[in-house]
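Participant: Below is the sequence, then the predicted model.
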Amino acid sequence: MATPTTIDEAIDQALLLPAIVTEAGRAITERPLKDLQDARDRETSNRAAAKPHFGLRFTKLIPPGAQ
């Protein structure tokens, strides 16, 4: 498999592979999925915080005829 370039690709790839593989008498373990999910959550929150409106939008509603 190719090396993942995004956290979502790493999570998808980790779901398809076994968590522990024994090769030549050594056990190779993958990063826990919880760590990958936390990294994805951090990345999405950082992207949302970088937006100028911080994910919030305020609107002043004026009913018609109340001017």
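Facilitator: That came in fine, so what should we check first?

Participant: so where's the chain shaky on pLDDT?
Facilitator: 1, 53-55, 66-67 (pLDDT under 70).

Participant: Show me which residues of the longest helix along it are buried.
Facilitator: For the chain, the helix with the greatest residue count under DSSP state H is helix 33-49. Buried positions in helix 33-49, judged by neighbour count with 16 or more other CB atoms under 10 Å: Leu36. C-beta here means a position set from N, CA and C on the backbone, and glycine is covered the same way.

Participant: Could you report the distance from the spatially most central residue of the chain to Ala2?
Facilitator: With distances taken as CA atoms, centre = their mean, the residue of the chain nearest its centroid is Arg40 (2.0 Å). Arg40 is 19 Å from Ala2, where distance means CB to CB, to the nearest Å.

Participant: Could you do Arg31 as well?
Facilitator: According to CB to CB, Arg31 and Ala2 sit 17 Å apart.

Participant: Which of the two has more residues huddled nearby?
Facilitator: Remark: of Arg31 and Ala2, Arg31 carries more neighbours, 12 against 6, as counted by other CB atoms under 10 Å.

Participant: Good, wrapping up.
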